[in-house]
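K.L.:
Predicted model and sequence below, questions to follow.
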Amino acid sequence: MALIKRTDLPGHLKTFGDSPPPQIVLCLGERYLGREAADLLQQAILAASPGTVHSIDGDQEDPGQTLAKLNSFSLLPGRQIFRVSDSRIFHSKTVASAIWNKAVQAKDAGRPDSARRSLKSLLQLADIKPGSTTAFSEISADQWQKLFSFARPSENLFWADDLVTETGNSGAVAGKAAGIAEKYIAAFEKGLPPQNILILTAEEADRRQRLFTAIKKIGLVIDCAVAEGSGAAAQNEQKDILREMVQKTLKEFGKKIEPQALDIFFERVGFHPVAVVMETEKLALYAGDRPLITTADLDEMVGRSREDALFELTDAFGKKQPGRTLTILGRLQDNGTHGLAILSTMRNYLRKLMVFRSLQNRSQPLWHRGMNARQFQSDYLPALKETGEWPELLKGHPYAIYMSFTTAAEYSCATLKDWLSLLLQAEYRLKGSPLPQRLVLEELFLTLLGKKQAARKT
């Protein structure tokens, strides 16, 4: 049939009265939006012809068993919808890097369940079962490249081990049946029982797979992907989607929100669709009988996102403000942010400073103390980007990068390496020591700030 955008789905559903619905549908992209699209599709199908929905969890699914049910004639009356959430049948090593990035982003954003789901997908790609003796941290660089087809991350991977082993052997990943994709394609081409419909949702898929091409040709693919990154186009698309979700949710409560409050809302919550809907519902309930949600309501009910608070932590640390640093540190922990997430943020911050400091030590392009922002933006930064090294760290607003370079220039690489060693020691204490998390982190930051002052004097 076709591949359509999520925004085109409502119009597409109107054609169901004139023609039967597609028997194979894939909702591909952002998880919440994919599930929302699947809900709309399911409702439209059942409205035209009542039936039964068979929900299948992709984490637990045996694709071969699903195919067997899909090929069978049911004794139940009406449509038989087999709905597989978070399907992994489209995963291949081509998308392994993207799956890993999603796991890291979810971990840093304080969403362990989402991170764990992505990590388990990677284990499935490598035919490794959760609870086995193999751990992410124990996989060598050569093995990692062979298993996942991308370079092993340089960071400490104990966090990934911890997330996967938290569930033990429960929810074991289904093994990949040989040629299962080809069996699906053969079944589609032969034709499914007329009352059976397959709806799949997946965040990632290798679009070069024959199975994906077959579904696009025979069935329907709904593209629910959202542009990522900090560019203007990506940010505008994300805001449009969030605005749509907020307005849709508020309409159900018969309420509206002030335009200026909406902008602040986006800044605080970020692009997390589930959180956006939940926070919107919370605002609507708090407003009570009032039809308009104000900025005051927002200040009262929606706190700054954890990402903002973590940024404030590194900002206070970089500005040598012990009191503010410890205050923000305490606030983060009071709000439920795990100590390992705080250490991860600091590790990324210090690593970036160390990379910038090492770049400053090079003879070309030449860095010198006292370089002003204009010279940095017009000469130094473009020359640095031409080298092609560390492109991911040189993205963003030039002035923000300039400020990071200015901070990095105050310290030696040896000092920064020493701080990273202290972070590692603190991580071991959090994982294996009976000491309270708050005590470990406060001691770490006081030590770092003390060494920071000493480093500045030398």
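P.N.:
Received the coordinates, thanks.
K.L.:
all contacts plus neighbour counts: C-alpha atoms, from now on.
P.N.:
Fine.
K.L.:
quick one, domains of the protein?
P.N.:
Annotated domains of the chain cover 2-88+176-224, 93-165, 232-301, 306-457 [automatic domain parsing].
K.L.:
Heading C-terminal from the helix or strand harbouring Ala38, find the next helix or strand.
P.N.:
Here Ala38 is covered by helix 31-48, with elements defined by DSSP states H and E. Note on helix 31-48: by DSSP H and E, the next helix or strand toward the C-terminus is strand 51-57.
K.L.:
How far does the helix or strand encompassing Ala160 sit from its chain's centre?
P.N.:
Ala160 belongs to helix 158-165 when assigned by DSSP H and E. Here helix 158-165 is found 17 Å from its chain centre; the criterion is Cα atoms, centre = their mean, to the nearest Å.
K.L.:
which residues sit against it?
P.N.:
Pro112, Ala115, Arg116, Leu119, Lys120, Pro130, Gly131, Ala135, Phe136, Ser137, Leu340 (Cα atoms under 8 Å, 6 or more residues apart in numbering).
K.L.:
With neighbour count and distance to Tyr402 added, can I get the residues you listed in a markdown table?
P.N.:
Shown next, in a markdown table, are the contacts of helix 158-165 (neighbours: other Cα atoms under 10 Å; distance: Cα to Cα, whole Å):
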| residue | neighbour count | distance to Tyr402 |
| --- | --- | --- |
| Pro112 | 17 | 33 |
| Ala115 | 25 | 32 |
| Arg116 | 23 | 36 |
| Leu119 | 25 | 35 |
| Lys120 | 23 | 39 |
| Pro130 | 23 | 44 |
| Gly131 | 16 | 45 |
| Ala135 | 18 | 39 |
| Phe136 | 18 | 35 |
| Ser137 | 15 | 34 |
| Leu340 | 18 | 28 |
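K.L.:
how about CSV for those, with distance to Ser74, secondary structure and pLDDT added?
P.N.:
Shown next, in CSV, are the contacts of helix 158-165 (distance: Cα to Cα, whole Å; DSSP: H, G, I helix; E, B strand; the rest coil; pLDDT from 0 to 100):
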residue, distance to Ser74, secondary structure, pLDDT
Pro112, 38, helix, 79
Ala115, 37, helix, 84
Arg116, 35, helix, 85
Leu119, 35, helix, 87
Lys120, 32, helix, 82
Pro130, 34, coil, 51
Gly131, 37, coil, 52
Ala135, 43, coil, 77
Phe136, 43, helix, 85
Ser137, 47, helix, 83
Leu340, 50, helix, 86
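K.L.:
distance of the nearest residue to Tyr380 once chain neighbours are set aside from Lys385?
P.N.:
Spatial nearest neighbour of Tyr380, excluding adjacent residues (Cα to Cα, 6 or more residues apart in numbering): Pro365 at 6.4 Å. When distance is defined by Cα to Cα, to the nearest Å, Pro365 is 10 Å away from Lys385.
K.L.:
Okay, strands next: where are they in the stretch 351-458 of the chain?
P.N.:
Counting by DSSP state E, counting those that start in this stretch, the stretch 351-458 of the chain has no strands to list.
K.L.:
Return, as residue ranges, the portions of it with sub-threshold pLDDT.
P.N.:
Residues of the stretch 351-458 of the chain that meet the criterion pLDDT under 70 lie in 451-458.
K.L.:
Strands along the stretch 151-300 of the chain, start to end?
P.N.:
Secondary structure of the stretch 151-300 of the chain, counting by DSSP E, counting those that start in this stretch: strands at 196-202, 220-224, 256-257, 292-293.
K.L.:
buried stuff in stretch 334-350?
P.N.:
For stretch 334-350, a neighbour-count test (16 or more other Cα atoms under 10 Å) marks Thr337, Gly339, Leu340, Ala341, Ile342, Leu343, Ser344, Thr345, Met346, Arg347, Tyr349, Leu350 as buried.
K.L.:
cool, stretch 196-212 as well?
P.N.:
For stretch 196-212, a neighbour-count test (16+ other Cα under 10 Å) marks 196-206, 211-212 as buried.
K.L.:
Model confidence score at Ser170, please.
P.N.:
pLDDT for Ser170: 37.
K.L.:
Arg304 too?
P.N.:
Value listed for Arg304 in the pLDDT field: 56.
K.L.:
before we move on, what about Asn101?
P.N.:
pLDDT, Asn101: 85.
K.L.:
now Arg79
P.N.:
Listed pLDDT for Arg79 reads 93.
K.L.:
Over to Lys107?
P.N.:
79.
K.L.:
That one - nearest residue in space that isn't next to it in sequence?
P.N.:
Closest to Lys107 by Cα to Cα, 6+ apart is Ala115, at 5.5 Å.
K.L.:
I'd guessed the one you found sits against Asp108; true?
P.N.:
No - using Cα atoms under 8 Å, Ala115 is not in contact with Asp108, being 9.1 Å away.
K.L.:
all helices in the stretch 351-458 of the chain, in order from the N-terminus.
P.N.:
Per DSSP state H, counting those that start in this stretch, the stretch 351-458 of the chain carries helices over the ranges 373-375, 381-386, 398-408, 413-432, 437-457.
K.L.:
Could you export these as CSV, including distance to Asn156 and mean neighbour count?
P.N.:
Below are these laid out as CSV (distance: least, Cα to Cα, whole Å; neighbours: other Cα atoms under 10 Å):
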stretch, distance to Asn156, mean neighbour count
helix 373-375, 34, 13
helix 381-386, 27, 14
helix 398-408, 23, 17
helix 413-432, 9, 16
helix 437-457, 18, 15
